[in-house]
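A.B. asks: Below is the sequence, then the predicted model.
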Amino acid sequence: MTFPLFPEQASTSARQVDNLYFALTALSLFFVALIALPTFYFLFKYRRGRPADRSPLRISTNAIEVTWTAIPLLLVSGLFAWGARVYFEIEVPPAQALEINVVGKQWMWKAQHQPGRREINELHLPVGRPAKLTLASEDVIFSFFIPAVRIKQDVVPGRFVTQWFEPTKIGTYHLFCAELCGADHSRMIGTIHVLNPEAYEEWLAAGRTEDSLAESGARLFRVLGCSGCHAGNGVIPSPPLEGLYGRMVPLQNGEFVRADDRYLRDSILLPASQVTAGYPSVMPTFRGRISEEELFQLIAYIKSIANQKPERRQ
């Protein structure tokens with residue numbers, strides 16, 4: 001029986017993170033040895049009663065000081081640049097990544113795929129394809145942690161956070177909450193299933209018993225009455241949502257903001273915070289009226305009409 005010191009590497013980012021970690025550890029051990037070993041040597045060489053030359057050195061120390069300042073500076077600067085490159089690669093998802101929404105709730109992880117398949121405390125993914133996770137919390141702070149993938153992302157109430165990775169090995173891997181989130185924190189665990197692409201498509205199709213995320217959002221859009229203002233010839237002047245996602249939106253204060261997931265979330269929950277130029281601030285807030293899952297559905301619907309032209313223009 002073997003006891004692995006580290007989890008297996010199951011993503012493209014795992015090797016990068018491990019290499020950086022090993023480099024930091026090796027450099028730390030090197031400087032520990034460089035400082036500690038001479039210290040112990042001098043303790044014995046210059047101890048009381050031991051004959052030794054204790055006369056002051058009569059040499060310039062400028063070269064020594066420049067050396068022990070410049071070399072560590074170059075080393076840590078190199079490590080900083082290396083770490084920054086790994087960080088940005090991990091934080092910036094590829095454009096064509098598979099999009100999955102994950103909601104943390106005491107004490108479970110609820111995931112929903114774009115075609116509509118849902119799962120709790122499990123996440124099925126195809127091997128060799130980047131997966132972008134958009135995470136939200138329904139109640140408290142969580143931390144989405146997959147050791148084999150080397151990602152750990154805090155999930156804070158009131159905001160979306162994203163994390164991506166590309167699985168490289170077929171298998172099952174542990175999913176944890178790495179933040180104390182309540183009485184049953186230790187039970188908030190799950191499993192990541194990495195399948196070959198064909199098996200993933202079969203699994204996805206076998207569980208298609210509900211509408212897609214965008215279809216659910218379109219239905220919710222009508223149920224909440226949003227279509228009365230934002231679709232067709234609404235009685236209240238409101239910005240059209242067709243073609244909105246991804247473009248720059250002018251605000252009443254003269255600023256511009258990109259219509260991304262964060263902007264749409266704030267527009268639904270805090271509509272008075274970023275009012276579109278040329279329109280009155282009359283939209284009511286939906287804070288407390290819809291869940292995080294329903295927010296994901298509405299945003300998915302708005303994304304689905306990003307390439308459509310508005311039916312009207314104010």
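C.D. replies: Yes, it's here.
A.B. asks: Quick check: the nearest residue to Ser212 once chain neighbours are set aside vs Ile151, distance?
C.D. replies: With sequence-adjacent residues excluded and distances taken as Cβ to Cβ, 6 or more residues apart in numbering, Ser212 is closest to Gly116, at 4.6 Å. Every residue, glycine included, has its C-beta placed from N, CA and C. To Ile151, Gly116 is 25 Å away according to Cβ to Cβ, to the nearest Å.
A.B. asks: again, but for Arg47
C.D. replies: For Arg47, the distance to Ile151 - Cβ to Cβ - is 51 Å.
A.B. asks: Comparing those two, which shows the higher neighbour count?
C.D. replies: When Arg47 and Ile151 are compared for neighbours, Ile151 comes out ahead with 18 against 9, by other Cβ atoms under 10 Å.
A.B. asks: all strands in the stretch 101-250 of the chain, in order from the N-terminus.
C.D. replies: 108-113, 118-120, 122-126, 131-137, 142-146, 151-155, 161-165, 171-177, 189-195, 248-250 (DSSP state E, counting those that start in this stretch).
A.B. asks: What ranges does the stretch 201-314 of the chain have for its helices?
C.D. replies: Here the stretch 201-314 of the chain has its helices, by DSSP state H, counting those that start in this stretch, at 213-223, 227-230, 261-269, 292-304.
A.B. asks: What residues of the second one count as buried?
C.D. replies: Going back to what we said before, that points to helix 227-230. Cys229, His230 (16 or more other Cβ atoms under 10 Å).
A.B. asks: ok so, going back, format the strands of the stretch 101-250 of the chain as a markdown table; extra columns: mean pLDDT and distance to Val257.
C.D. replies: Output for those, formatted as a markdown table (pLDDT from 0 to 100; distance: least, Cβ to Cβ, whole Å):
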| stretch | mean pLDDT | distance to Val257 |
| --- | --- | --- |
| strand 108-113 | 94 | 27 |
| strand 118-120 | 93 | 31 |
| strand 122-126 | 96 | 31 |
| strand 131-137 | 95 | 19 |
| strand 142-146 | 96 | 27 |
| strand 151-155 | 94 | 23 |
| strand 161-165 | 94 | 18 |
| strand 171-177 | 95 | 32 |
| strand 189-195 | 96 | 34 |
| strand 248-250 | 92 | 6 |
